[in-house]
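Trainee: Kindly return the folded structure for what I paste below:
(one chain, ligands or ions: 1)
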Amino acid sequence: MRKASVVFFLASLLAACGDNSGGSGTQTSESTELKNNSTPTVAPTKSILTGKFSPSETTGFTKVPDEMASKPMFIQTEVLSAFERMREAAAKERINLYIVSGTRTFNDQKAIWERKWSALFSAGKDSLATANEILEFSSMPGTSRHHWGTDIDLVSVEPAYFESGEGLKMYNWLIGHAGDFGFCQVYSNKEETQRKGYNMEKWHWSYTPISTIYLKAYLEQINYSDIQGFTGDKLPARLRIKEEFVQGIDSRCAK
Ligand SMILES: [Zn+2]
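Mentor: Numbers count the residues shown, from 1 in each chain. Prediction:
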């Protein structure tokens, strides 16, 4: 009897660890009810979907090699492999792809959000106007695809960079080839694709074999009560963040 209790205790402990670390490949998420046949290596737990975890301590995340990143960062191991293949192909066309932002935690996003909030709010804008302006390009903490380790920003986050010269050549190459490696521009031209949410981001690419599953899990698991803990956190439901921003992606990237 006592032996059985110990075994049960150990089993519970392992299950709890798996939940925090994002799983080991054998774990399947009971709460997500994935309809997709493939199970991602890192299960889309609530903590990972909202960025409340440590990428450096989570199985299935790998540090991006220095020569491929502008600063120390982690992304999912499978995403890194795909990026490396894409980077090699681009290099043959003398295009140097590197990542300027990978996985960002809830606290990373909170720092970005609140820095922008302070600047706009102190300049005299009210809460709603402040949030709307930040939301042109930046997510509320707990709602960013960068939490997932599936999405990367490449080379520059300035729209102008991609309008001419090397940036334009890079963007045109990505449009033609990124899909071959599993990457898709989720924040495409809003007028052309009739999506809602953030403005166009030519630098933001999502590894859709995993992120499609994560988006589905996010919509099933995350409620507005989970999106709080930052300045302006009374606004997510009013601004329909889940419907217009989390779901506001190019439909071609959701297949
Ligand atoms: Zn991004």
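Trainee: what about the closest residue to the ion within the stretch 101-250 of the chain, distance to Thr130?
Mentor: When distances are taken as CB to the ion, the stretch 101-250 of the chain reaches nearest to the ion at His204, 3.7 Å away. No exception for glycine: its C-beta is placed from N, CA and C like everyone else's. Relative to Thr130, His204 is positioned 22 Å away (CB to CB, to the nearest Å).
Trainee: sorry, back to before: I'd like to know how many residues surround the residue of the stretch 101-250 of the chain closest to the ion.
Mentor: Other residues near His204 come to 22 when the count uses other CB atoms under 10 Å.
Trainee: who's it bridged to?
Mentor: Asp153 (DSSP bridges).
Trainee: Now do the phi/psi pair for the residue lying closest to Phe106 once chain neighbours are set aside.
Mentor: Closest residue to Phe106 apart from its sequence neighbours, by CB to CB, 6 or more residues apart in numbering: Gly51 at 3.7 Å. Dihedral pair for Gly51: phi 80, psi 10, per degrees, to the nearest 10.
Trainee: just Lys196 next, same as before
Mentor: Dihedral angles (degrees, to the nearest 10) for Lys196: phi -100, psi -170.
Trainee: same thing with Asp151?
Mentor: The phi/psi pair for Asp151 (degrees, to the nearest 10) is phi -120, psi 140.
Trainee: ok, it to Thr103 distance?
Mentor: From Asp151 to Thr103 the distance is 9 Å (CB to CB).
Trainee: And for Thr212?
Mentor: In terms of CB to CB, Thr212 sits 18 Å off from Thr103.
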